[in-house]
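Colleague: Provide a 3D model corresponding to the input given below.
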Amino acid sequence: MQSTYADSRTSATVSPFFQMPGSSVVVRAEGLAPDANATIYVKNVVARVETLKAGESASAVTFPDQIAVGTTETTSTGSLEWALGVPKDDVTVIDRWINNSTGQVLKTVTTNYKFQGTVKVIVVDQFGNSASSELTVIRWITGSPF
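Modeller: Predicted coordinates:
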């Protein structure tokens, strides 16, 4: 779906663009649709997603290179500013879908991820307009003799 509201010149920045784990960066985007829902993705991550559905004995495991890390809204001018945490350790996110009437867990999705090296931060609004920028995350090698 193409938006008639969005600027044809979208842009995104990550500041600072070089960061150590355990801190945060500011993601800014412009030229998106005004007052729209936006999702922030990180691409080139090290991730493992396990999905277990009710009544199934085995879980499905995938290794995506892109994950959604948050959602927000754009301003009336089509811009946004969002704080992105750079995890120090592996992050585990567990999502459960529960039947309201029975309380039974219908599906559990467990996502484990970490940022390492250069990742791409992508902002996409609900109309498909997008902008991206890069972030380099440096991890010290543990156990080094130096």
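Colleague: from here on, contacts and neighbour counts on C-alpha atoms
Modeller: Fine.
Colleague: chain center to the helix or strand bottoming out on mean pLDDT in the chain: distance?
Modeller: Lowest by mean pLDDT, DSSP states H and E among the helices and strands of the chain is strand 18-19, with a mean of 78. On the basis of C-alpha atoms, centre = their mean, to the nearest Å, strand 18-19 sits 17 Å off its chain's mean C-alpha point.
Colleague: Within the sheet, what are the partner strands of that strand, with directions?
Modeller: strand 130-137 (parallel) (DSSP bridges).
Colleague: what about the nearest residue in space to residue 47 that is not next to it in sequence, how many residues close to it?
Modeller: For residue 47, ignoring the flanking residues on the chain, the nearest one in space by C-alpha to C-alpha, 6 or more residues apart in numbering is residue 113 at 4.2 Å. Using other C-alpha atoms under 10 Å, residue 113 is surrounded by 21 other residues.
Colleague: contacting residues around residue 113?
Modeller: Contact analysis of residue 113 by C-alpha atoms under 8 Å, 6 or more residues apart in numbering lists 45-48, 90-92.
Colleague: One more: residue 27?
Modeller: Residue 27 neighbours (C-alpha under 8 Å, 6+ apart): 12-15, 80-84.
Colleague: Quick one, which of the residues you listed are buried?
Modeller: 12-14, 80-82, 84 (16 or more other C-alpha atoms under 10 Å).
Colleague: Nearest to residue 123, out of those residues: which one, please.
Modeller: Comparing these against residue 123 with C-alpha to C-alpha places residue 12 closest, at 7.6 Å.
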